[in-house]
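Student: below are the sequence and a predicted model for it; my questions follow.
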Amino acid sequence: MSNACPLNFIKVDSSVSRLNSLFVSLLVLSYLYTNNVYILIFLSFDFVLKLFINVEISPIMRLAESIKSTFKIKDKYTDGGAKKLAGYFGLFFVVSLLITHFIHSWMLTFGIAIVFLTCSLLDVFFNYCIGCKIYFIIKKIYPNFMNNL
């Protein structure tokens, strides 16, 4: 099973996804610099919109699509299921950051942020999505994983 095949037959634009990852990374870095919890609340809200409500109304996704069209970046499609799982991981990281913020565990917050930023920036700069790689491994073991999502 190749990473290029559409495993759930839903395609998403990788260029928009990478811009989305860039904005998420910038917001996490902004949080680390300012310690403003409202940045994390906004990020969690955005992830919930993308994953559970409607991706079209996500502010970060709209910004990414706007920049893509402004700079006329070419479409490059990838498997939507893999990116959706990566989104779930992103939501997990943001919620973890929120929890560690509220329990005042700065070192744990910083550690989680470093892992999250590493994963996100790998996607931005090298088009290497850790969540997508995990998705493809799980799909090999459990072929029906995330079929109904």
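Tutor: Cool, got the structure. Source: prediction; values computed, not measured.
Student: for the longest helix anywhere in the chain, which helices and strands make contact with it?
Tutor: In the chain, assigned by DSSP state H, the helix with the most residues is helix 80-102. The contact analysis (3 or more Cβ pairs under 8 Å, 6 or more residues apart in numbering; DSSP states H and E) places helix 80-102 against strand 11-13, helix 14-34, helix 37-48, helix 106-126, helix 130-141. In this view, the C-beta of every residue, glycine as well, is placed from N, C-alpha and C.
Student: rerun that using 6 Å as the cut-off
Tutor: When contacts are defined as 3 or more Cβ pairs under 6 Å, 6 or more residues apart in numbering; DSSP states H and E, helix 80-102 sits against strand 11-13, helix 37-48, helix 106-126, helix 130-141.
Student: any chance of the ones you listed in a markdown table, plus mean neighbour count, mean pLDDT and distance to Ser66?
Tutor: Putting the helices and strands packed on helix 80-102 into a markdown table (neighbours: other Cβ atoms under 10 Å; pLDDT from 0 to 100; distance: least, Cβ to Cβ, whole Å) gives the following:
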| stretch | mean neighbour count | mean pLDDT | distance to Ser66 |
| --- | --- | --- | --- |
| strand 11-13 | 17 | 88 | 13 |
| helix 37-48 | 17 | 98 | 15 |
| helix 106-126 | 16 | 96 | 17 |
| helix 130-141 | 16 | 87 | 24 |
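Student: could I get these as a markdown table with distance to Pro59?
Tutor: Listed next are those as a markdown table, based on distance: least, Cβ to Cβ, whole Å:
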| stretch | distance to Pro59 |
| --- | --- |
| strand 11-13 | 17 |
| helix 37-48 | 6 |
| helix 106-126 | 17 |
| helix 130-141 | 21 |
